[in-house]
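Asks: after the sequence you'll find the predicted model.
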Amino acid sequence: MPTGEALQGVGKVVDGISRLSPDLLAYACQHILSYLQGQIRGVEAADISDRFQRAGVRLDHEALQNIVRFLLLTFRSAGKSNLSADNLVSRLEEGSNKWPKASLQVMHRLWSEHGALVHAQQEVQALLSISQLVDLQWKLGMAVSSDACRSLNSPYVCLLLKIVEPSGMICHKSFEMTIPQFQNFHKQLKEIAAVMETV
């Protein structure tokens, strides 16, 4: 049984979802369902946010993230449990009595269309629950001030990694390396690539 705090959190998310037209909710859900079916590499909340803003719906970053996480968790859980569309809607109504009827109809329709595919993909995903590297960018810079460097004016490489976490959210990680560290990193990547070609 959910705690009062959990129910309050669900209520806030449903309040945010109720601000969305059926078309906007369908857009967000289809984006998430595409990820859960393995058709796209991750859920870009920025794309969803842009679409909402173009339609005149302004949500703060936290509210948008909560909606995306809620929909991801809802569809993922329904996929793992192999719920029917009717059972999914019943669970949503049990979690909050604030659901607009139009929103529930969108959820029902989309789950009827995509639920079986999500269930099949969830069975595969259970075997492969690790983060995935989607993109790697780097740039060369020059240190002009630092607490850690003994000699300034030394070159460094800044790496920016784009990673899809097992939850489906895309996150960005960045770090800096000295030139020798970067050369060693490059060498290790080449060794990994060579090993992967033999598999």
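Replies: Thanks, I have the structure now. Numbering: from 1, shown residues only.
Asks: tell me the average confidence for the top helix by length along the chain?
Replies: Looking across the chain with DSSP state H, the single longest helix is helix 101-125. Looking at helix 101-125 alone, the average pLDDT works out to 90.
Asks: show me which positions of that helix end up buried.
Replies: For helix 101-125, burial by neighbour count (16 or more other CB atoms under 10 Å) applies to 103, 106-108, 110-111, 114-115, 118-119, 121-122, 125. For every residue, glycine as well, the C-beta is placed using N, CA and C.
Asks: ok so residue 56 is a strand residue?
Replies: No - counting by DSSP: H, G, I helix; E, B strand; the rest coil, residue 56 is not part of a strand but coil.
Asks: what's around it, how many residues?
Replies: For residue 56, the number of neighbouring residues by other CB atoms under 10 Å comes to 8.
Asks: and it, what pLDDT?
Replies: According to the per-residue confidence, residue 56 scores 93 in pLDDT.
Asks: how far away is it from residue 88?
Replies: Per CB to CB, to the nearest Å, residue 56 is found 29 Å from residue 88.
Asks: got it, and residue 166?
Replies: 22 Å.
Asks: same check on residue 172?
Replies: 32 Å.
Asks: how about residue 44?
Replies: 24 Å.
Asks: again, but for residue 108
Replies: Distance of residue 108 to residue 88, given as CB to CB: 7 Å.
Asks: do the same with residue 50
Replies: 27 Å.
Asks: of these two, which one has the most company?
Replies: The neighbour count for residue 50 versus residue 88, taken as other CB under 10 Å, is higher for residue 88 (23 against 11).
Asks: run through who's touching the helix or strand hosting the more buried one.
Replies: If you go by DSSP states H and E, residue 88 is part of helix 85-95. Residues outside helix 85-95 that contact it (CB atoms under 8 Å, 6 or more residues apart in numbering): 2, 7, 10, 14, 74, 78, 83, 99, 104, 107-109, 111-112, 115.
Asks: what is the neighbour count of residue 30?
Replies: 14.
Asks: run a quick neighbour tally on residue 194.
Replies: 9.
Asks: for residue 31, what are its contacts?
Replies: By CB under 8 Å, 6+ apart, the contact list for residue 31 reads 40, 43-44, 47-48.
Asks: angle of the helix or strand encompassing it against helix 101-125?
Replies: For residue 31, the element it lies in under DSSP H and E is helix 22-36. The directions of helix 22-36 and helix 101-125 differ by 10 degrees, with axes from the mean of the first three to the mean of the last three CA atoms, to 10 degrees as the criterion.
Asks: domain parsing for the chain?
Replies: 4-125, 132-198 (automatic domain parsing).
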